[in-house]
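1. Fold the stuff below for me.
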Amino acid sequence: MSGLRIYGIARTRAFRALWVAMELGIDYEHIPLEIGSAGARTAEFLAVNPNGRLPAIDDDGFVLWESLAITLYLAKKHSLGRLYPATPQAEAKTWQWTLWALNEVDRGVNIWSLHAIRLPPEDRDPAKLAEALKVIERPFKVLDEALVEQPYLIGDGFTVADLNVAAVISRAIEMDLSATPRLGDWLRRCLERPAALEARRLRQLSDEASPPDSIRLIARINRL
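-> Numbers count the residues shown, from 1 in each chain. Below is the predicted model:
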């Protein structure tokens with residue numbers, strides 16, 4: 001049995017941890033825990049992550065939560081110098097883009113995906129949808145400009161920096177990205193990698209199996 005456990009249904013930010021594990025080709029046990037009182041808020045899981053949020057990992061007794069901390073940890077542990085850049089400068093750029101994704105685009109893309117696609121039509125708010133698009137417009141242009149002279153964020157090769165940002169905005173693949181064509185091309189390159197396709201397949205299955213009340217709970221818990 002694998003020493004790595006990944007907690008969280010693929011519909012949640014556990015998607016990011018699952019993708020990196022598949023990208024690395026490492027063995028893991030997936031525990032598809034749901035959000036809410038029957039899942040991430042149980043006493044058993046709160047002993048793993050006292051925040052009651054997904055995902056978390058247990059790597060041979062080393063417990064870690066926060067999705068992008070998990071991706072960075074696993075990439076550095078298993079692929080230093082390849083998926084995880086080896087130089088201090090490239091490592092710092094990886095942190096830069098990872099933090100940028102959380103601060104600048106994570107919430108906006110989540111709001112867009114809920115109110116454009118995921119919530120039942122009667123629960124969608126056109127005003128929130130419009131505001132989300134306005135919020136991400138400038139950051140998306142920043143990302144588009146970063147790809148003018150190179151195919152990936154740290155240079156010529158795919159790294160965990162690309163994985164982190166692409167995972168955060170992965171649901172934007174369903175947006176009209178014609179105003180930022182380099183971003184659109186880059187996102188497709190990232191999300192068409194075999195590991196990404198498999199992680200997306202798992203997420204699609206969990207999306208399809210999720211009742212409307214689960215999606216409403218996501219919006220309510222995260223104030224989206």
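2. Tell me which stretches of the chain form strands.
-> Remark: strands of the chain, listed N- to C-terminal, are 4-7, 29-31, 56-59, 62-65; assignment by DSSP state E.
3. Next, format those as a markdown table and append distance to E174, mean pLDDT and mean neighbour count.
-> For every residue, glycine as well, the C-beta is placed using N, CA and C. Supplementary listing: those in a markdown table, determined by distance: least, C-beta to C-beta, whole Å; pLDDT from 0 to 100; neighbours: other C-beta atoms under 10 Å:
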| stretch | distance to E174 | mean pLDDT | mean neighbour count |
| --- | --- | --- | --- |
| strand 4-7 | 25 | 98 | 22 |
| strand 29-31 | 25 | 97 | 17 |
| strand 56-59 | 28 | 98 | 21 |
| strand 62-65 | 28 | 98 | 15 |
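4. Quick check: pLDDT value at E208.
-> According to the model's per-residue confidence, E208 sits at a pLDDT of 89.
5. shaky segments in the chain?
-> Across the chain, the ranges flagged by pLDDT under 70 are 1-2, 222, 224.
6. Tell me how it divides into domains.
-> Per automatic domain parsing, the domain ranges recorded for the chain read 4-82, 88-196.
7. Of all those domains, which one is nearest E208?
-> Go through the domains of the chain one by one with C-beta to C-beta and the one that ends up closest to E208 is domain 4-82, at 9.4 Å.
8. What's the end-to-end length of the closest one?
-> End-to-end distance for domain 4-82, by C-alpha to C-alpha, to the nearest Å: 21 Å.
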